[in-house]
Structures are given as C-alpha cells and as structure tokens.
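[1] What follows is a predicted structure for the sequence shown.
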Amino acid sequence: MATAVSSYNDIQLETIQEVSCSTSCSSNSTTSSSSNSPTSQNKISPGYRNKQQQLHKKGQKIGNYLLGKTIGSGTSSKVKIGTNINTGKQYAIKITKPKRIKERKEIEREISILKRLKHDNIIQLHDAIYEDEAGRICLILELVSGGELFDYIVARGRLSEKEGRKFFRQMLCGLIYCHSNMVCHRDLKLENLLVDEDGNLKISDFGYSNIIKPGNLLSTFCGSPVYAPPEILLEKRYNGNEVDIWSMGVILYAMVTGQLPWTLTDGVQVEGMDRLLRGEFKYPSHVILSDDVKDLINRMIVAEPVERATLDEIKNHVWVNKGYDMEPDQEYNKKVSDRLEKEQQQLLEKQQAQLQQQLNSPRSPKPLFVETIIGNSRPLNQSSPNLTIPQNKSILNINNNNNNNNNNSSNINQIKPIHFNSVACLDEKKINSSAPTSPHSISPQYASPQFISPSPSTSTTPPLSPLSVSGQRSPPTFSSNTNNNNIPNNHNSLSSSQNNINTSGVKNHHSTSLFHNIFKKRQSISSVSANSSPVIVSSNSGQNNTLNVSSNSINVDGASASAPQFSSSSSKRRFSLEDIVKAITIRSGKGKNPKIRSMKGPFNSGTTTMLNPIQLIEHIEENLNSTQISYRRNFYVFDCKTLCPRNETINFEIEVCKVNGMDMYGIKFKRLAGDAWSYSSSCIKIVESLKL
Ligand SMILES: Nc1ncnc2c1ncn2[C@@H]1O[C@H](COP(=O)(O)OP(=O)(O)OP(=O)(O)O)[C@@H](O)[C@H]1O
C-alpha cells in the first residue's frame, strides 16, 4: 500500500506494492477523500447507479469522474477532462494502460514522486485510480487551463526576454524545489510546461522523473533527443540534476528565439548531432538577444556536465534577476508565506466573528476559554511576524446544541477542543472550523467541504485504496523562515470556473518572424448561419476523414450564461448525473449555440481579425478545404487532423474566440496529439494562408 509522506521534505522512498484490485474496488476505485462518500453513495437511486455503470462500461466514466474531451496525449497516455460527479470540480485525467510491468512501475513511480511534491509551479496530483477491468491507471491531476508553453510560444513566434524571464524564473523555482527534494525530472521540454489561466507555469509529466540518491548515477535513456544532453545521448551514466540544467538551457533558447538550437529532421533525428554532442549551437541572426541571456544559455548548454551551471549559479545570474528585487525562490517563499499569513488572518477573523456571535446569543453557553483563541495580548487583526496560532494550541469549539446552561462546569464536557496545527489549518481553506471534531480529525483539511464529517461519530471517511493520494497526505509542516523546501503551497486546485482550455496561435520554429508582415485584413466575406451544426469535412487529399472527435469535445468554458455552474463550495448540493451531462453538453456546444469564449493571451496581427466570428469560421473552412487537413467543426472549434512527413497524425484544435477587452476576434491553436514541431509548421501554414 502506498504510504503517506510524512512531510514534503521527507525524501524517503516509498514503496508501492503491486495492487490487484478486487471487483469492489475496480468499479469505484476512486479513493479521493474529496470525491467519495459512502453516505452519499448510499442515497443514490438504482436508476442513477445503472446509468453510472453504463457510462463506466462505455468508458465515459472512471471512478467518480465523468470523462470529457481529450485535452492532450503523449506517447503513453491520453489526458481528458474529468468532472467529479460529487463535486462538479474538473480535473485533468491522465489515462494510461500499461502493457508491461516496467511501464506499470514507471507510472507508479510517477505517482509516488508527484505525491511528495507540492509547489505552485508543479502540477498537483489529486488522486490516482486503478481500473481493474480495463487495466488502466489514471492520475487525477489539477487541470491547467492555459495549454502548453509550447502553444504559447508558437502563437507569438518567440517570447520577449522579459516574458521569457518570468516563465524561466517559475520553471527554476519548480526545479529548485524538485532537486532539493531529490527529484530530477529528466524530460523537461516546452510541451511539459503548462501555463495556467493566470499565466503561471507548471512543470508537468513526471513520467521519467526519478529520485536522486547521492553517489548514485542514473543510466536510463530519457526524454526527447533534442532536449537531452550528450551524456544521455551517448548512453553514459549521468547525474539527473545536470540533465535538467541542460534541458532548461534548451528551453530558454527556444523561448527567446522561437526555435531549437538544433534542427530535428523527421521530428526525431537531430541534424548535426555531432555539434550537439560538443554543445555547439548558433543564435539566429534575425533575433536580437541581450548578452546576458546568451551568457546564461551558454552556461547551461555545456557538453561537460560538471562544467554546467548549477542551480545556485543560475538563480543568481544577472539576467534571471533583472527587474526583480529577489531571487526566484526567495520571491516564491515570500509569496507563499504572505498568502498563508493572509489565510490565517481570515481564519482568525472568521473564528472571532463566530465566537462573538456565540457570546451575543442569549441562548448560547458562554465559552470558557475564549481567551485561548482571542487572547488578550494583541488584537486579532494583527498577526504576529510568525504564524499567529501557536502550534497545538487548543481552540474551543462551542456546541450550539447546548441548552441554556451557563454552568461552566457542565459545559466543559460540551466544549470540544480542536487541536490545531496552525499550518494545517492555514494550508487548507476548506476546513470547517465550526464543525465539532475530535483532536484526531485533522484529515478534513484534505477533504472537500461537504465531506468533512459533522461530528466524529458520524464520520464517513471512506477507506483509502492503495494508490489514494489525497486522503493520506500528512499535513505539511511549515516554518515561516525562508527555506522554500519547508513551504507547501496552497492546496487549491482550479475552480470549475477556470477551465479555459486555452488554444493558441502559430509560429514556425525556424522562421523569421512570420506574423509581423501579415497585416492585411480581409474585409468582406459572406455570412453563414450562426447555427451551423457540427460538420465533418473531407479534405481533398482523400485521406481518411473519419475523425475520432471526443463526444464531449470543444468548449469547456464557453458555456452560455444559463449553463449550470459547478462550484465546489456548494457543499450541500449533490449534482445529479443529469446536471453534469447537461452542463457538459451545453459547454460542448451540442444542443445549444454556446457563447464564444473571450480570451486574453497570445494573439497577434496574424491571428486576429475584424471579421465577425461567422465570417471568420467560413474563412477558416474555405482555407482548410484547400489543404491536406481534415477537420470537424463544432461551433467555434475546429478539430483538425493532418499527417506530418513521418506519416504520424497530428491532431490539433483551432478555436475562434473573442480577444479579451477588444472588439476583435482571433484564432487560437492547441496541440492535442502528435509531434510538436510538425504541428507548429502546420499552424504556420494555416496562418499564412488565412492572411488575417
Ligand atoms: N494537468 C493537466 N492539465 C491540462 N493539460 C494537461 C495536463 N497534463 C497533461 N496535459 C496535456 O496532455 C499532454 C500529454 O500529457 P503528458 O505529457 O503528461 O503525457 P505523456 O504520455 O507522459 O507524454 P510523453 O509523450 O511526453 O511521455 C500534455 O502535453 C498536455 O498538453
């Protein structure tokens, strides 16, 4: 059984035994404390249960998650949006079907490693599921809505140094945290850096990550050749940290130039491999870069691993800190500690208000130890420099059900102390401080509000399956000093309203800036019906036009105003399956014309237009019809497929959306599957032919 990690700095290796799920766990193997509740399960009607089983069989449901559209795929997995049927909250569900024990072990290692990482710049694992019948293993991950950093760069051609610095600092923070927790990633590349809707970077895909044991070198070939250092390509034994530094150098190069330091032929072979092995590369002449950024890249892309810059050197580098007051990890620590302090303050204020209410109520018993919480040494709204609730301080909880008994001695029995670990409370907003609980019931911090048991006697915490994550994590320990390794981030996941699956624009990795000369705006295009139904169009290439478009495809967040809004805070409400299916249907654009998505982000002159959406859709259709690209349109989203030179299928979306804050429309691209750089070339061609 997977054992809980005692603290986020605990680097002991956990062992996860092979699990053979029994039938009972396979049909409902989700073990998240936030997603399962025996009590609520018991209330499910037979009809509801049948429907769930049917969905299960059809593969549209895994555990307690209703599967939606595919948002990405890798060599070994498919990633879909999953809606928790109890909470309505959405996640990214990475589904893998390991065929060999080795693959299974790799996934288990990914789960094990992700479990111990908790950082704003690292994808958060919420839970894991074994699906016995289908042999699938699913990772329930926080949903990152902005797409890959790759899409972002493709859309802009390249990033300015300032913007690149922001992302680089965030990547660096995540990596400093990983390495200090003895985890090396080994597959850092633009496709594995996701961007959330606030433009923050998250390192994802820990499928090749491993634990660094001092003195032990690694030997497995990992990652993509064009991001891999010579020692990996030469199959030498290597130190995982140094591998990550090389990959960061390649990523920084790609961010600021819009291309890779070495060209890939056929998407896999590196052209000029000998130069790569020597660490030799050139900067494109058309891109003007500062000496500082070049110096940093030159310090990271160094053939000899021991001569490569260390993380310390990188975080102190002048380019990294230009325009910032603090080094990246210091800034991160400060941000987290400010956030925790703010949350603590809010919690205290809430408790104070509740107590005040109790005191003012004539029917309530007088709390005995109010001072324990309120104290008399300082006002509540003034937090101490350290976290203000001393560890293990008893905080009283007043039992509202008491009668008018003001007798202190008799009330003592009715007053239940909650032993707060200050951080445990601060780290999780969801704690219901008014709910009576036992000193042991610290686990609610990892439960959704509705599953925090109202009292110890009615606790219905479900048993955890072997791979359960969320129910088992020990409360993080936190010290307010600046050691980032001790500082966990907030446990927040994206709320359901934050599901903008960002698509993006286009750009060629080899090209000079391809967008800058595309200014001509098309003026008049005949309009088409706004209510066009989804269409499948065959390309004139004659290639197979049967597209496997996910039934729940398209607008995740483009719901009309009338679409049901899921909210994890609606703790009392249990969503019916029908509610969820309806919401997804509306969001997917089926049955009702959805609202066009308004997006900020990577637009430029080549991907925006004064055409109205209907004209733009028609214009895109006209253009796609004259290419080798097969597509299927569902309202504003084109699900496209084409073959790259290696005959590999590339699957991507083009979405018509409104440019946030402007009276303009634009197109966004998102890669769904296939080689990233071939996808990039296809996008370039589309943008060139659209001439927006
Ligand atoms: N949490 C997430 N939120 C949103 N999208 C995600 C998330 N995780 C993965 N994706 C999307 O799915 C794609 C594939 O995921 P991932 O890289 O983890 O799969 P993989 O099979 O390990 O890939 P690889 O081919 O690199 O081994 C990502 O590139 C990304 O676009």
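    Structure's in. What do you need? Numbering: from 1, shown residues only.
[2] How many residues are close by residue 63?
    Per other Cβ atoms under 10 Å, the neighbour tally for residue 63 reads 28. From N, CA and C alone the C-beta is placed, and that goes for glycine too.
[3] who's in contact with the longest strand anywhere in the chain?
    When the chain is scanned for its longest strand (criterion: DSSP state E), the result is strand 649-659. The contact list for strand 649-659 (Cβ atoms under 8 Å, 6 or more residues apart in numbering) reads 73, 503, 596-600, 603, 608, 613, 616-617, 620, 631, 636-644, 664-675, 678-679, 682-683, 686.
[4] could I get that strand in PDB with only the CA atoms?
    What follows is strand 649-659 as a C-alpha-only set of coordinates in PDB (Å, rounded to 0.1, in the frame of the first residue of the first chain):
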ATOM      1  CA  THR A 649      -1.000  12.100 -37.300                       C
ATOM      2  CA  ILE A 650      -1.100  15.500 -35.800                       C
ATOM      3  CA  ASN A 651      -4.300  16.400 -34.100                       C
ATOM      4  CA  PHE A 652      -4.900  20.000 -33.100                       C
ATOM      5  CA  GLU A 653      -7.700  22.500 -32.500                       C
ATOM      6  CA  ILE A 654      -8.300  25.900 -34.000                       C
ATOM      7  CA  GLU A 655     -10.700  27.900 -31.900                       C
ATOM      8  CA  VAL A 656     -12.400  31.100 -32.900                       C
ATOM      9  CA  CYS A 657     -12.600  33.300 -29.900                       C
ATOM     10  CA  LYS A 658     -13.100  36.900 -28.900                       C
ATOM     11  CA  VAL A 659     -10.000  38.900 -28.000                       C
END
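[5] strands paired with that strand, and their directions?
    As defined by DSSP bridges, the strand partners of strand 649-659 come to strand 598-599 (parallel), strand 637-643 (antiparallel), strand 665-673 (antiparallel).
[6] Of these, give the one that comes closest to the ligand.
    Proximity to the ligand (Cβ to the nearest ligand atom) singles out strand 665-673 among these, at 6.8 Å.
[7] for the residue of the stretch 151-300 of the chain found nearest the ligand, what are its contacts?
    Using Cβ to the nearest ligand atom, the single residue of the stretch 151-300 of the chain nearest to the ligand is residue 205, 3.6 Å away. For residue 205, the contact set (Cβ under 8 Å, 6+ apart) comprises 74, 123, 187, 191-192.
[8] mind redoing it with 7 Å?
    Counting by Cβ atoms under 7 Å, 6 or more residues apart in numbering, residue 205 touches 74, 187, 192.
[9] likewise residue 360?
    Residue 360 neighbours (Cβ under 7 Å, 6+ apart): none.
[10] Please pick the buried ones from the contacts of residue 205.
    The neighbour count (16 or more other Cβ atoms under 10 Å) marks 187, 192 as buried among the contacts of residue 205.
[11] among the contacts of residue 205, which are in reach of the ligand?
    Applying Cβ under 6 Å from any ligand atom to those, one finds that 74, 192 fall near the ligand.
[12] mind checking the longest helix of this protein?
    As assigned by DSSP state H, the longest helix anywhere in the chain is helix 328-360.
[13] Quick check: buried residues in that helix?
    By neighbour count on 16+ other Cβ under 10 Å, the buried set for helix 328-360 is 328-329, 331-333, 336-337, 339-341, 343-345, 347-348, 351-352, 355, 358.
[14] try stretch 277-296
    279, 281, 283-284, 289, 293, 296.
[15] Nearest to residue 106 among those residues?
    The shortest approach to residue 106 among the buried residues of stretch 277-296 belongs to residue 279, at 29.1 Å (Cβ to Cβ).
[16] Skip the chain neighbours and tell me the closest residue to the closest one.
    Using Cβ to Cβ, 6 or more residues apart in numbering and skipping the chain neighbours, the partner closest in space to residue 279 is residue 303 (3.4 Å).
[17] what residues are up against that neighbour?
    230, 277-279 are the contacts of residue 303 under Cβ under 7 Å, 6+ apart.
[18] need those residues in JSON lines with secondary structure and distance to the ligand, can you?
    Below are the contacts of residue 303 laid out as JSON lines (DSSP: H, G, I helix; E, B strand; the rest coil; distance: Cβ to the nearest ligand atom, whole Å):
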{"residue": "230", "secondary structure": "helix", "distance to the ligand": "21"}
{"residue": "277", "secondary structure": "helix", "distance to the ligand": "23"}
{"residue": "278", "secondary structure": "helix", "distance to the ligand": "27"}
{"residue": "279", "secondary structure": "coil", "distance to the ligand": "24"}
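[19] so where's the stretch 451-600 of the chain uncertain?
    Along the stretch 451-600 of the chain, the parts satisfying pLDDT under 70 run over 451-593.
[20] actually the stretch 151-300 of the chain, not the one I typed
    In the stretch 151-300 of the chain (pLDDT under 70), the answer is 266-268.
[21] do the stretch 301-450 of the chain as well
    Residue ranges of the stretch 301-450 of the chain with pLDDT under 70: 362-450.
[22] again, 80 this time
    Low-confidence segments of the stretch 301-450 of the chain (pLDDT under 80): 361-450.
[23] Any residues of the chain in contact with the ligand? List them.
    Taking Cβ under 6 Å from any ligand atom, the part of the chain that reaches the ligand is made up of 71-77, 79, 92, 94, 123, 141-144, 148, 191-192, 194, 204-205, 207.
[24] Mind doing that once more with 8 Å?
    With Cβ under 8 Å from any ligand atom as the criterion, the chain meets the ligand at residues 71-79, 91-92, 94, 96, 123, 141-145, 147-148, 150, 187, 189, 191-192, 194, 202, 204-205, 207-208, 224, 501, 671-672.
[25] re the thing from before, helix, strand or coil for the residue of the stretch 151-300 of the chain closest to the ligand?
    coil (DSSP: H, G, I helix; E, B strand; the rest coil).
[26] now it: how far from residue 141?
    Separation of residue 205 from residue 141 (Cβ to Cβ, to the nearest Å): 10 Å.
[27] One more: residue 688?
    Distance from residue 688 to residue 141, by Cβ to Cβ: 35 Å.
[28] So these two - more neighbours on which side?
    Between residue 688 and residue 141, counting by other Cβ under 10 Å, residue 141 is the more crowded of the two (24 against 17).
[29] now the residue nearest to that one when sequence neighbours are not counted, which residues is it bridged with?
    Leaving aside its chain neighbours, residue 141 sits nearest to residue 92 (4.5 Å; criterion: Cβ to Cβ, 6+ apart). For residue 92, the beta-bridge partners under DSSP bridges are residue 81, residue 141.
[30] One more: residue 639?
    Here residue 639 shows beta-bridge partners residue 632, residue 653, assigned using DSSP bridges.
[31] What's the mean pLDDT across stretch 685-692?
    Per-residue pLDDT over stretch 685-692 has a mean of 88.
[32] can you start the count at 24 instead of 1 from here on
    All set: I'll call the first residue 24, so the last point we hit is now stretch 708-715.
[33] List the buried residues in it.
    Buried residues in stretch 708-715 (16+ other Cβ under 10 Å): 708-711, 713, 715.
[34] Name the nearest of the residues you listed relative to the ligand.
    Nearest member of the buried residues of stretch 708-715 to the ligand, counting by Cβ to the nearest ligand atom, is residue 709, at 19.3 Å.
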